[in-house]
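S.K.: model the structure of this input:
(one chain, ligands or ions: 1)
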Amino acid sequence: MEPEKGTANSRRKILITGASNGIGKGAALILAQALPPGSELILLCRSSAAGKAVIEVIKRLAPHCSTTLLLCDLTKMGAVKAAITEVTKKYDHLDALFINAGIGYAARRIETEDGMDAHFQVNYLAQFMLTLRLLPLLEKSNFGGRIIFNATHFGQIFWDDMQLQNDWTYEKAIFQSMAAKRMFLRYLHRLYRQIPQSRLSFIGYQVRKTVWSNQLNIIPKTMKMMASLVKLFGGFISVEDSGRDMLPLFLENETLSVEKSGKLITSKKNLFPEIAESNEILDEHAQEKLWQISLELCKDEETRNIATQIKSRTS
Ligand SMILES: NC(=O)c1ccc[n+]([C@@H]2O[C@H](COP(=O)([O-])OP(=O)(O)OC[C@H]3O[C@@H](n4cnc5c(N)ncnc54)[C@H](OP(=O)(O)O)[C@@H]3O)[C@@H](O)[C@H]2O)c1
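M.R.: Just a heads-up that it's a prediction; the model follows:
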């Protein structure tokens, strides 16, 4: 069979993490309506009920779009491995991956059954493993496979206390995982640029305005009152508007996608301006150090094998 040409109107297979709420849900709803028949959205969600509710909405809005619910709680590395196995057994390629799921506000530090800070694991490490293990499928895309990371430009790595056992705040936990994601995507970008004929792109995307997401149902009352005031003055966008902003990143051609690779961008008036990175994120030794620590923490032979194979292909 002739390979499908990579135009905006061709069908796609796209996996979105954290598709049950917020930015991930917005991306899923808008993509479902924009994708041509034969496309498929794979929605990674931890809650079956919440995932099915999104699928019901998609069925109403875009009956032509196939959806698959991939149940996975990112606080459990075992569940992440099971989800990866499910995807690699079922699909021969993926066209895009949206690394989005994340914990925002939390009242206290939560330690996962894998012994990690929940923000670190959910927002970063579990999705580090997911990304690495799905790269072989993304390399088979006819469109130039792309991985889009939901990221913000704040944050630093607390090298001496990465699991934040000594001095946890939810802000530190969120921003550390944002910094880790950005270092990871820069590192992957550098590796893949050294691989002949590489077609992948790794893009950090920061929403242009705060998104009125499920976080508003979780935060304490006082914070919610402040947020409601900000909303009155137009300080928020809806999950759907966030999805519309992002849509070109999933559909644009390979050349445009590759131009954005390795960058943190945002959206502004239908353009995607770059956001300048801090020196810590750009530090190649720090990126390598985080890569090694992350491989150790994953404790997964297959993730390590894929990492070794990628490096062996660099020229
Ligand atoms: N909202 C903003 O303006 C904004 C701006 C910049 C960055 N961010 C970041 O973007 C990410 C998403 O935020 P959001 O505002 O869209 O939040 P949200 O509405 O709370 O959505 C978060 C998504 O991640 C999922 N998730 C959380 N823990 C999970 C786990 N253990 N396993 C699998 N999925 C899990 C949630 O599932 P459930 O539906 O089951 O809870 C939900 O689908 C967060 O990291 C946040 O810090 C948000």
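S.K.: show me the helices in the stretch 151-300 of the chain, by range?
M.R.: Secondary structure of the stretch 151-300 of the chain (DSSP state H, counting those that start in this stretch): helices at 170-193, 221-232, 239-251, 254-260, 279-282, 284-298.
S.K.: buried sites along the fourth one?
M.R.: Buried positions in helix 254-260, judged by neighbour count with 16 or more other C-beta atoms under 10 Å: E254, S257, V258, K260. All C-beta atoms are positioned from the backbone trio N, CA, C, and that covers glycine.
S.K.: tell me the one of these nearest Y205?
M.R.: Distance to Y205 across the buried residues of helix 254-260 (C-beta to C-beta) is lowest for K260, with 8.9 Å.
S.K.: how about the residue nearest to I293 when sequence neighbours are not counted, what does it touch?
M.R.: Excluding its sequence neighbours, the residue lying closest to I293 (C-beta to C-beta, 6 or more residues apart in numbering) is M162, at 7.3 Å. M162 sits next to D117, F120, Q176, I293 when contact means C-beta atoms under 8 Å, 6 or more residues apart in numbering.
S.K.: next one: M162 from the ligand, what distance?
M.R.: 17 Å (C-beta to the nearest ligand atom, to the nearest Å).
S.K.: rebuild the helices of the stretch 151-300 of the chain as JSON lines, extending it with mean pLDDT and distance to K268.
M.R.: JSON lines is the format used below for those (pLDDT from 0 to 100; distance: least, C-beta to C-beta, whole Å):
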{"stretch": "helix 170-193", "mean pLDDT": "98", "distance to K268": "19"}
{"stretch": "helix 221-232", "mean pLDDT": "90", "distance to K268": "20"}
{"stretch": "helix 239-251", "mean pLDDT": "98", "distance to K268": "9"}
{"stretch": "helix 254-260", "mean pLDDT": "97", "distance to K268": "14"}
{"stretch": "helix 279-282", "mean pLDDT": "96", "distance to K268": "21"}
{"stretch": "helix 284-298", "mean pLDDT": "98", "distance to K268": "27"}
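S.K.: what about the nearest residue to E277 once chain neighbours are set aside, neighbour count?
M.R.: Nearest residue to E277, sequence neighbours excluded (C-beta to C-beta, 6+ apart): L264, at 6.1 Å. When neighbours are counted by other C-beta atoms under 10 Å, L264 registers 23.
S.K.: help me confirm that L264 comes into contact with E274.
M.R.: Yes. L264 is in contact with E274 according to C-beta atoms under 8 Å; the separation is 6.9 Å.
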